[in-house]
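>>> need a structure here:
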Amino acid sequence: MEVYLNRVDGLDDAICTMFLSKRHLTREKELEIRNEVQLHTTSVYDGVTPLGAIRPDHSAKLAVWLQNTLKIGAEHITLLRFIDLSFSVYGLHRGGQDDLDAHSMRMNNRIVRASTRLGTFERGEMSEYYMGKILPTDVALAALGITMPDEIVYEGQTYVRASNGYILKGMENENDVKRGLYMLSIPSDFIFRIQLTEFSHVYKLRRELGTAHPELKQAVESMASQLEVATQGLVTRDLLLEIPN
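Just a heads-up that it's a prediction; the model follows:
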């Protein structure tokens, strides 16, 4: 499984809201904030450091602004809704992806997954977590040297062999039918966007100390770690647990 934080957006907006709430924001101050954020965050994505990540050599002024914004935002959570995160995940098992999908409202429905309807999964495909833990029937039979017929007749109908079972002949190439045999262990890819305030909720429920599936815990903990690095240690796990939602 691979997990990537692609972008951190809206730091300048969030800082501006902090000044705005007490009528301390002028147009000149806003331009200063936006230029400071642009100057001290990454603008080129190398696949490792997210776009919008705070640079290690960032200014003390930006650090103070962000520290204050995060401190106030931990109580007044609308401020932190201006900070948007983009993640890509490759290879999380489908059941774990479904559990993350339970939070799609928190993402404003901004999540798109590799479709089991439009894509095809081969026999034995599974996420990294399940490798060495389970044996799909097709794999087990092959290991035992048991050959499965390409076609069988069941209740007067002919069925054609497919991944994890058989499909009625004539429908073996229809993805809507093929996916009925897919297991929840198949690897799933997806991209989603989520506000910092809402990500804190996801983290609370799916973190290592929670009751989620181990592979989903691993994914969410990786997201939290990458976010902490991208913000030069300003957005910590403790902060995520502190934000009410």
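
>>> Every contact and neighbour count from this point should use C-alpha atoms.
Noted.

>>> burial measure for residue 207, as a count.
When neighbours are counted by other CA atoms under 10 Å, residue 207 registers 22.

>>> what do you get for residue 56?
By other CA under 10 Å, 12 other residues sit near residue 56.

>>> which residue packs closest to it, ignoring adjacent ones?
Nearest non-adjacent residue to residue 56, counting by CA to CA, 6 or more residues apart in numbering: residue 232, 6.8 Å away.

>>> That neighbour and residue 65: what is the separation?
Between residue 232 and residue 65 the distance is 13 Å, computed by CA to CA, to the nearest Å.

>>> how close does the residue with the largest distance to the centre of the chain get to residue 164?
In the chain, the residue that sits farthest from the middle, by CA atoms, centre = their mean, is residue 156; the gap is 45.6 Å. Distance of residue 156 to residue 164, given as CA to CA: 21 Å.

>>> who does residue 152 bridge with?
With DSSP bridges applied, residue 152 shows beta-bridge pairing to residue 159.

>>> Model confidence score at it, please.
You'll see residue 152 listed with a pLDDT of 96.

>>> helix, strand or coil for residue 192?
What DSSP: H, G, I helix; E, B strand; the rest coil gives for residue 192 is strand.

>>> on that earlier part again, for the residue nearest to residue 56, give its distance to residue 136.
According to CA to CA, residue 232 and residue 136 sit 44 Å apart.

>>> Help me confirm that residue 141 comes into contact with residue 135.
No. Between residue 141 and residue 135 there is no contact under CA atoms under 8 Å: 9.4 Å.
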